[in-house]
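Q: no sequence for this one, just the structure:
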């Protein structure tokens, strides 16, 4: 997969994540926490889409977003453990699916980012 396509998919996926976090019904996590995650997803979306549109698709850019996505996944998993008592089934399913998808993007981004300088 081309680096530019990876960044486009990442950017659009992060935008979808931000939207879903703000619109899905009760996930069992406080609204302020969901807003924080949505803000992080929005920032990562802006970064990925900017890189895609300006042809900044080299290894440093891919490694940067892969690192940010890794941090997002670890943060999300930590929040799942922290809020396990109040997490709803919808919240559990949503965040586990999100983790699976984002972790696969991370794998692809690191692989593409390891090529070149």
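A: Good, I have the coordinates. Since the model is a prediction, treat every value here as computed from it, not as a measurement.

Q: Count the residues that sit near residue 73.
A: The number of residues packed near residue 73 is 19, by other C-beta atoms under 10 Å. Using the backbone N, CA and C atoms, a C-beta is placed for each residue, glycine as well.

Q: do the same with the one 3 residues further on
A: When neighbours are defined as other C-beta under 10 Å, residue 76 has 18 of them.

Q: what's the distance between it and residue 39?
A: For residue 76, the distance to residue 39 equals 14 Å [C-beta to C-beta, to the nearest Å].

Q: Ok, residue 102 next?
A: Separation of residue 102 from residue 39 (C-beta to C-beta): 16 Å.

Q: now residue 68
A: Per C-beta to C-beta, residue 68 is found 13 Å from residue 39.

Q: Please identify which of these two sits among more neighbours.
A: Per other C-beta under 10 Å, whichever of residue 68 and residue 39 has more neighbours is residue 68, with 19 against 13.

Q: Quickly find the element holding that one.
A: Under the criterion of DSSP states H and E, residue 68 resides in helix 59-82.

Q: now do residue 16
A: Element membership for residue 16, per DSSP H and E: helix 3-23.

Q: Pull out the buried residues from that helix.
A: Residues 3, 6-11, 13-15, 17-18, 21 are the ones in helix 3-23 that count as buried (16 or more other C-beta atoms under 10 Å).

Q: remind me which residues of this protein are low pLDDT?
A: Within the chain, the ranges that satisfy pLDDT under 70 run 116-117.

Q: 50 instead?
A: Counting by pLDDT under 50, the chain contains no low-confidence range.

Q: Would you check that my belief about residue 56 contacting residue 49 is correct?
A: No. Look at residue 56 against residue 49 with C-beta atoms under 8 Å: they stay out of range, at 10.9 Å.

Q: If we go by neighbour counts, what in stretch 77-89 is buried?
A: For stretch 77-89, burial by neighbour count (16+ other C-beta under 10 Å) applies to 79-80, 83, 87.

Q: I'd like to check which residues are in contact with the nearest residue to residue 14 once chain neighbours are set aside.
A: Nearest residue to residue 14 in three dimensions, chain neighbours excluded: residue 45, at 3.6 Å (C-beta to C-beta, 6 or more residues apart in numbering). Counting by C-beta atoms under 8 Å, 6 or more residues apart in numbering, residue 45 touches 10-15, 17-18.
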